[in-house]
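Novice: When you get a sec, could you give me coordinates for this:
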Amino acid sequence: MPTATLATYSDWTYGAAVAIYFFAAVLYLCEAAFARPVKARELEFVAAGGTQADGTWTPGRVTKPEVSRAERLGGMGAALTVLGAALQLGSLVLRGLATERAPWGNMYEYGSLLTLAAVVTWLVLSRMFPVRRLGGFVLVPIVILMFLGGTVLYADAAPVQPALQSYWLVVHVSVISVSSGVLLVPGVASVLYLLKSSGRARFRKLPDSDVLDRLAYRSTVFAFPLFTIGIICGAIWAEAAWGRFWGWDPKETVAFVSWVVYAAYLHARATAGWRGRPAAWINSLGFVLTVFNLFFINLVTTGLHSYAGVGSP
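Specialist: Residues are numbered from 1 along each chain as shown. Got it, this is the predicted structure:
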């Protein structure tokens, strides 16, 4: 199949994924708006059981509550999210086939891999925790990032700059992108934790603070080692390309500051006096720095990581 055709199909599937994520976010938000506040894994006891007239004992029954219309909307949103993730993965594969390289050599492709990692992380966590109704809060920033990637940051399918033609592109950029995408989810969870723990009635439908705290912590624990490996791989690549491991380039500096903030969060989360809201504030700061590094550093500042404007990650 011609390269141009593969690139076109990649763009189409990318656009379809954005549209599907948008409708999924609407369904999630409808579930969050109309669902009643429930505890995790809430059950309804129908009968207590007891001894019958003939002397036999009949155990009680425990049934789940009837599925409401809001929950059905949430289920539809989850199904659309899975479909969108499949289309987005197909878009990356087609982009790689069209360019005959790893499909994360510019900001458009980097953002696509990052958001896909965030979506997959959300799908996994929503199966582990009773937080499906929060899908809208996760998908809205993802849709915004993908829309900007497909418009402002879009780059045609083409070979990368000579400086990026290295096997470290496959290792370093992929690990950093995936870990940054995973960190998007605990960032949103920490912000919602701060809202929930504020005690205001308008946030009563959010999951329990303990659930949000555990979700943010466990996903950060998974992403932090990946982020660390990505920074180390970047330093090794920098030594091979520029003759030094670290040069305090703007992107390197903000990445290091982000790493310190996430390390501080994990330490605070394990320290009794800093659990709860203080730890959530630190994790939210790490999330802000990650987004700042993705957009402001790449698009506004000039450094060694600026090869072709918006064309390099």
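
Novice: what about Ala155, distance to Ser91?
Specialist: 14 Å (Cβ to Cβ, to the nearest Å). The C-beta positions use only the backbone N, C-alpha and C, and glycine is treated the same way.

Novice: quick one: which of those two has more around it?
Specialist: Comparing Ala155 with Ser91 by other Cβ atoms under 10 Å, the one with more neighbours is Ser91, at 25 against 17.

Novice: Near Pro159, how many residues? Count them for me, please.
Specialist: The burial count for Pro159: 11, using other Cβ under 10 Å.

Novice: and Arg101, helix, strand or coil?
Specialist: coil (DSSP: H, G, I helix; E, B strand; the rest coil).

Novice: Let me see the contact set for the closest residue to Val178 other than its chain neighbours.
Specialist: Spatial nearest neighbour of Val178, excluding adjacent residues (Cβ to Cβ, 6 or more residues apart in numbering): Ala117 at 4.3 Å. Listed by Cβ atoms under 8 Å, 6 or more residues apart in numbering, the contact partners of Ala117 are 177-182.

Novice: Retrieve the pLDDT associated with Val310.
Specialist: Note on Val310: pLDDT of 49.

Novice: my bad, Val211
Specialist: 91.

Novice: Does it touch Met128 like I think?
Specialist: No. Counting by Cβ atoms under 8 Å, Val211 stays clear of Met128, with 10.1 Å between them.

Novice: who's more crowded, those two?
Specialist: Val211 (19 against 11).

Novice: I'd like to know how far the nearest residue to that one once chain neighbours are set aside sits from Pro207.
Specialist: Leaving aside its sequence neighbours, Val211 sits nearest to Phe129 (Cβ to Cβ, 6+ apart; 5.6 Å). For Phe129, the distance to Pro207 equals 7 Å [Cβ to Cβ].

Novice: Tell me which of those two has more neighbours.
Specialist: Higher neighbour count among Phe129 and Pro207: Pro207, with 22 against 19, using other Cβ under 10 Å.

Novice: For that one, give me its contacts.
Specialist: Pro207 neighbours (Cβ under 8 Å, 6+ apart): 40, 129-131, 133-134, 196.

Novice: can these go into TSV with extra columns for secondary structure and distance to Ile144?
Specialist: Shown next, in TSV, are those (DSSP: H, G, I helix; E, B strand; the rest coil; distance: Cβ to Cβ, whole Å):
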residue	secondary structure	distance to Ile144
Ala40	coil	29
Phe129	coil	24
Pro130	coil	26
Val131	coil	20
Arg133	helix	20
Leu134	helix	17
Lys196	helix	23
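
Novice: Return the members of the residues you listed classed as buried.
Specialist: Among the contacts of Pro207, the ones that count as buried by 16 or more other Cβ atoms under 10 Å are 129-131, 133-134, 196.

Novice: and the residue nearest to Val178, what helix or strand is that in?
Specialist: Ala117 belongs to helix 107-128 when assigned by DSSP states H and E.

Novice: Likewise for Ala32?
Specialist: helix 3-34.

Novice: can you state the direction angle for that helix and helix 107-128?
Specialist: Counting by axes from the mean of the first three to the mean of the last three Cα atoms, to 10 degrees, helix 3-34 points 40 degrees away from the direction of helix 107-128.
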